[in-house]
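Q: Could you look at this predicted model? Sequence included:
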Amino acid sequence: MNALDCFYKKVAELHGQVATSDKEVERIIALFESEMDNLCKSFSLAEKKLQKNCGSIAAVKFMGALSKRIAVSLDMWKNKQKESVDSQRLRSVADDSLLIIVYGKVKAGKSTLGNYIANSAPKKSTPHFFTFDHGGSEVSTPKLAEFSGDSFETKTTECTSTIQGFKIQGMTWIDTPGLASMTGANGALARKYIEAADLIIYPMSSDSPGRHTDTDELRELAKAGEHFCVVITKSDFTDEDELDGKLVRTLRNKTKEDRLKQEEWVQTEILKKLKKVSIDHNTQAEEYLCGKILSISIMTAREYPEDSEQWINSNIPALYTMFNDVLNKDAVRLRGQKALFKVSSFLRECILNQKNPDSLVSHFAELQGELNDLKAKAAELTGQCNTLASACMNDVNLEVQKIVLSAKKNGWAGKKIGEEILEVVRKKVIAEAEPAARKILDNFAEKLEAEFPVPELNPTKLDIKDKIKTITVSNERVAKAGGAGAGAIVGGALGLFIPVPGLGPMLGSILGSFVGGYAGRKIGDGFSSSTEKRVTVGDNSQDVEDQALQFAERAVNVTMEAVLNGFNTKVVHPVAQEVTAMSKNMNKTIKIMNKELQR
């Protein structure tokens, strides 16, 4: 059995074996749609929970925008999957036969090839030719229309926007121009046929094979997971000679050397594009090229009888041999696995392609990035506490001094002094913390809200009081000799008026020893008999100022910490919590669908 007879026998055997409905495909699609719906619901729930728990309107908006961006991608994938399912329904036109699409540019020899394949079929498999009108309806026709261009082609003119084809037992052959030349209903129909095809044959003219426009078309087919064969057509030339004074033209095949050069060149250019598809889309796109690149001449095959040297060298037998090899190699895929293969390819693109910004793994990485960013912002806010507090203190110190002067002038009690200091601290902390927090939380700090708590500090110790010393002197010798010692005792009491946290009594004793000793010596110089006096030596406003500054410093630190923790508690942590939940749900879906793809 020669290669031609073998081919037609094989396609006849495929009749009724190419599945139009696959329960496994339907199960996977149903699972995919269910998972997409669940993800969308979980994102919507996360947004609602954040609205309830978060203290920042802008953070809620941030979360809503993130959720919506991912939901748009999920809806897009669902719609694309529905379109893919619709394209599979076109197989009904093929009557459960092998669906071959011949796809390429005008004048690439598509129709000439189709007519040869149809007319070479066994007599018992008479081809039925048809074309689609502009409304997409099938209309019978006697043959595939071909372009005129030289004396060896038919005189029929092919319309560039025509989709035409034929059917023989076990095979439906569809001839469609390149999509660039297709518009309207026929353009949409051509795209759907390409998606539904079991095998695509892409012819390119030997006049200029391997052009970027051709390899770009093949790249797009590979990205869509379509298998294709590439044929270089019109591999012939006209030889002119003079015979008996007349010019005679003879059709010849191009030499084997010229054909081989073109085949190698075209294969190299195609594989360049397919290799990039493999890298960009995490697939083995080189496998989509079926068989080797083959250079043929339909015209010499028509011109010369079968089994003649010119007919054999036209590479038509080699073409049928290649078709047989493809049918043998891809028999399982062509016998009902095409739909499953396409669904698997689609899901890999939708779920696992890291270079597609709309894939689930890309969105998962986006969520992880947002989560890490939120954690970093929370840590940065906390780390800014001491720096911002220090920045506040210069201004606060000046205000505290003013407050103490006003207190002395107006007789304010310690509580009043403390309240004034806390109000200054509050304003200064807000002035420092809010712009810093806005800068750190730049992507959702449109409006920051936080409660600024009053630190639990006791301002009553800040009362300004007179300092009273009691001095007892028995005689001049005692007064002079014991003045310092008495001063130390008095100084110890004086320390009670300087309640510096952690230092009060000791510091008071040291300062009092010096002041009391000095005062004792001065007083002893003026008296020779024992006497006792209570002397007002000033007020403790300086001590109050010192303590007020310490009070203010503690207030700044406590308030700053409370403010920044408030931002974290009300803004960062709730968003991080919901982003974590979204991330877990998406990772779960990725694992479920990836498990299906590994089956």
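A: That came through fine.
Q: Surely W173 is in a strand?
A: Yes - membership of W173 in a strand is supported by DSSP: H, G, I helix; E, B strand; the rest coil.
Q: Now do the same contact list for it.
A: Listed by Cβ atoms under 8 Å, 6 or more residues apart in numbering, the contact set of W173 reads 100, 102, 114, 117-118, 165-167. For every residue, glycine as well, the C-beta is placed using N, CA and C.
Q: quick one: low-confidence ranges for this protein?
A: Applying pLDDT under 70 to the chain flags residues 15-23, 55-56, 82-96, 133-137, 146-162, 177-190, 245, 331-340, 441-539.
Q: in it, which spans are strands?
A: 98-104, 128-132, 138-140, 163-168, 171-177, 199-205, 228-233, 236-243, 246-253, 294-295, 466-475, 529-539 (DSSP state E).
Q: ok, which stretches of the stretch 1-150 of the chain are helices?
A: Taking DSSP state H, counting those that start in this stretch to define them, one finds helices in the stretch 1-150 of the chain at 3-13, 23-53, 57-89, 110-119.
Q: Of all those, which one comes closest to D175?
A: Distances from D175 to each of those were compared by Cβ to Cβ, and the smallest falls on helix 110-119, at 5.0 Å.
Q: Pull the number of nearby residues for R348.
A: Neighbour count of R348, defined by other Cβ atoms under 10 Å: 19.
Q: hang on, isn't it packed against Q284?
A: No - with contact defined as Cβ atoms under 8 Å, R348 does not reach Q284; the gap is 10.9 Å.
Q: Report how many residues lie close to M1.
A: Neighbours of M1 (other Cβ under 10 Å): 7.
Q: I misspoke; the intended subject was D373.
A: Residue crowding around D373 was assessed by other Cβ under 10 Å; the count is 14.
Q: V558: neighbour count?
A: 18.
Q: Which residue ranges of the stretch 351-500 of the chain form helices?
A: Per DSSP H, counting those that start in this stretch, the stretch 351-500 of the chain carries helices over the ranges 360-383, 385-410, 414-440, 476-495.
Q: Indicate which one of the ones you listed is closest to V11.
A: Between V11 and these, the shortest gap by Cβ to Cβ is with helix 360-383, which sits at 39.1 Å.
Q: Now do the contacts for the nearest residue to A548 once chain neighbours are set aside.
A: Residue nearest to A548 in three dimensions, not counting chain neighbours: V400, with 5.0 Å by Cβ to Cβ, 6 or more residues apart in numbering. Counting by Cβ under 8 Å, 6+ apart, V400 touches 421, 424, 545, 548-549, 552.
Q: From Q284, how far off is V400?
A: Here the criterion is Cβ to Cβ, to the nearest Å. By it, V400 lies 74 Å from Q284.
Q: measure the closest residue to E33 other than its chain neighbours to V72 for me?
A: The shortest distance from E33 to any non-neighbouring residue, by Cβ to Cβ, 6+ apart, is to K78 (6.2 Å). Shown here: K78 relative to V72, a distance of 11 Å by Cβ to Cβ.
Q: more neighbours, those two?
A: Under the neighbour definition other Cβ under 10 Å, K78 and V72 were set side by side, and K78 has more, 17 against 10.
Q: from what I can see the more buried one touches M36, true?
A: Yes - proximity of K78 to M36 meets the contact threshold set by Cβ under 8 Å, at 5.3 Å.
Q: ok, E257 - how many residues close by?
A: Counted with other Cβ under 10 Å, the neighbours of E257 add up to 8.
Q: doesn't A197 make contact with K342?
A: No - the pair K342 and A197 does not pass the contact test of Cβ under 8 Å, sitting 10.0 Å apart.
Q: quick one: which of the two has more around it?
A: Using other Cβ under 10 Å, the more surrounded residue of K342 and A197 is A197, with 28 against 21.
Q: Give me the spatial nearest neighbour of the more buried one, chain neighbours excluded.
A: Distance criterion Cβ to Cβ, 6+ apart; nearest residue to A197, sequence neighbours excluded, is I101 at 4.1 Å.
Q: In this structure that neighbour contacts K192, no?
A: No - applying Cβ under 8 Å as the test, I101 and K192 come out as separate, 10.6 Å apart.
Q: neighbour-wise, which of those two wins?
A: In this comparison of I101 against K192, neighbours counted by other Cβ under 10 Å, the higher total goes to I101 at 27 against 18.
Q: Could you tell me which residues make contact with the more buried one?
A: 174, 176, 193-194, 197, 199-201.
Q: That one and I316: what is the separation?
A: Separation of I101 from I316 (Cβ to Cβ): 20 Å.
Q: How about S73?
A: Where I316 is concerned, S73 sits at a distance of 48 Å (Cβ to Cβ).
Q: now for the contacts of W173, which pair is the farthest apart?
A: Checked with Cβ to Cβ, the contacts of W173 reach their widest spread between V102 and K167, with 13.9 Å between them.
Q: neighbours around I194, how many?
A: Neighbouring residues of I194 were enumerated by other Cβ under 10 Å; the total is 21.
Q: these two touch, right, it and E226?
A: Yes - with contact defined as Cβ under 8 Å, I194 counts as touching E226 (6.8 Å).
Q: hey, what's in contact with both of the two?
A: Counting by Cβ under 8 Å, 6+ apart, the residues touching both I194 and E226 are I200.
Q: check contacts around D330.
A: Contact partners of D330, counting by Cβ under 8 Å, 6+ apart, are 199, 227, 290.
Q: What is the nearest of those residues to K254?
A: Nearest member of the contacts of D330 to K254, counting by Cβ to Cβ, is C290, at 23.5 Å.
Q: M204 bridge partners, please.
A: Note on M204: beta-bridge partners by DSSP bridges are I232.
Q: That one contacts V102, doesn't it?
A: No - in terms of Cβ under 8 Å, M204 does not count as a neighbour of V102; the distance is 11.7 Å.
Q: on that earlier part again, L144 versus the residue nearest to A548, what's the distance?
A: From V400 to L144 the distance is 96 Å (Cβ to Cβ).
Q: and K143, how many residues sit next to it?
A: The criterion is other Cβ under 10 Å. On that basis, K143 has 16 neighbouring residues.
Q: actually G383, not the one I wrote
A: Here the neighbour count serves as a burial measure; for G383 (other Cβ under 10 Å) it reads 12.
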